[in-house]
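J.: okay, here's the prediction I keep looking at, along with the sequence it came from:
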Amino acid sequence: MAKLPDLMHQIDSTKSMSFSVKYSIICLSFFHLFAFGLKAQVSIRDSAIRMATINLAYRGSVAGGAWTERWNFVSNVGIDLGVKFKSNIYLQGGASFLFTDRTQDEGGLDELLRGTGGLIITDEGFLSEVSISGRGFIVPVSLGYIFPVLGPNPNSGIYAEIGGQFAMHRFNYRVVDGESSALEGEYAKGYDRMRYGIGLREGLGYVYYDNKNQVNFAIGLDFAQVPTRSGRQVFFPTGPLDTNETTLDFFWGIKASWIYTIYKRAPSEAYFY
């Protein structure tokens, strides 16, 4: 029979997941209504146009600042929804899942692993390795401009953008063989050292919109500086944490996106009768 705290935690997790799904559906619905409200027929070849964009993006970053103590290299995979206006100014916002297996330390499990040769004792009484990784997410919002150079049309070119983002990252533990109550549920929060914050982000790169809307992509440099604070009140190995103390986390790397565009194309040929 599940313990009451574990049951309550499962209920809270279910509620949070349900809210996230509903929120995502609402956002996509409004985006869908806006995108298909672009009724005017336009030619991307001849002029800068307004369009809705869906970007499937990957970010690969080298960690810096306080992150250096935790991660070597961080990856992000996510989706950005955007609008590009006739002025070549664009606005984007989205969400991205953060993950890495390249950790710098053991995540504070020294007490649990002491005397067992770096292994943890499972609930069944066996010894098992613990896989340590990094997990989190970012929610970026960016305002940018496309300089129409080196492209097949006035919508392609070099982009520069600036914005903000919410970031959260933590240690993630997985017992390889078996289970350990010491690293599950509420107990895991005493070791994961979760941090979060809101900061700045910048980007510089090249975006390509195909005249036939078949191959659209962007690639460039990605930067972020985020002051973060502890999201936990206690770290079991050392005791209470100061949730008001902030450290500067930042990273730099590359961002590559595959872009799906939505606009009503003008006829490619003229017909005379």
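T.: Arrived safely.
J.: every contact and neighbour count from this point should use C-alpha atoms.
T.: Will do.
J.: show me the shaky parts of the stretch 101-250 of the chain.
T.: Applying pLDDT under 70 to the stretch 101-250 of the chain picks out residues 102-108, 110-112, 114-115.
J.: now the helices for it?
T.: Per DSSP state H, counting those that start in this stretch, the stretch 101-250 of the chain carries helices over the ranges 110-113, 185-188.
J.: wait, residue 165 touches residue 202, no?
T.: No. Using C-alpha atoms under 8 Å, residue 165 makes no contact with residue 202, being 10.0 Å away.
J.: in space, not sequence, find me the middle residue of this structure.
T.: Closest residue to the average C-alpha location of the chain: residue 96 at 2.0 Å, with C-alpha atoms, centre = their mean.
J.: contacts only, for that one.
T.: Applying C-alpha atoms under 8 Å, 6 or more residues apart in numbering to residue 96 gives the contacts 76-79, 137-139.
J.: if I look at residue 21, what pLDDT would I see?
T.: As predicted, residue 21 sits at a pLDDT of 48.
J.: and the residue nearest to residue 132 when sequence neighbours are not counted, how many neighbours?
T.: Among residues not flanking residue 132 along the chain, residue 173 sits closest, at 4.9 Å (C-alpha to C-alpha, 6 or more residues apart in numbering). Residues near residue 173, counting by other C-alpha atoms under 10 Å, number 20.
J.: ok, now residue 192?
T.: Neighbour count of residue 192, defined by other C-alpha under 10 Å: 23.
J.: name the nearest residue to it, sequence neighbours excluded.
T.: Excluding the flanking residues, the one nearest residue 192 by C-alpha to C-alpha, 6+ apart is residue 171, at 4.6 Å.
J.: surely that neighbour is in contact with residue 189?
T.: No. The pair residue 171 / residue 189 is not scored as a contact, 9.3 Å apart, by C-alpha under 8 Å.
J.: follow-up on the earlier one: ok, now which ones touch the residue nearest to residue 132?
T.: Going by C-alpha under 8 Å, 6+ apart, residue 173 touches 130-133, 183, 192.
J.: can you select the buried ones among these for me in PyMOL?
T.: PyMOL command restricting these to the buried ones, with burial defined by 16 or more other C-alpha atoms under 10 Å:
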select buried, resi 130+132+133+183+192
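J.: re the thing from before, report the separation between the residue nearest to residue 192 and residue 184.
T.: According to C-alpha to C-alpha, to the nearest Å, residue 171 and residue 184 sit 13 Å apart.
J.: repeat that for residue 217.
T.: Going from residue 217 to residue 184 by C-alpha to C-alpha gives 41 Å.
J.: can you map out the strands along the stretch 151-273 of the chain?
T.: Taking DSSP state E, counting those that start in this stretch as the test, the strands found in the stretch 151-273 of the chain are 157-175, 195-208, 217-230, 234-235, 239-240, 246-262, 264-265.
J.: would you list the ones you listed in CSV and tack on distance to residue 71?
T.: Shown next, in CSV, are the strands of the stretch 151-273 of the chain (distance: least, C-alpha to C-alpha, whole Å):
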stretch, distance to residue 71
strand 157-175, 10
strand 195-208, 13
strand 217-230, 15
strand 234-235, 19
strand 239-240, 23
strand 246-262, 10
strand 264-265, 44
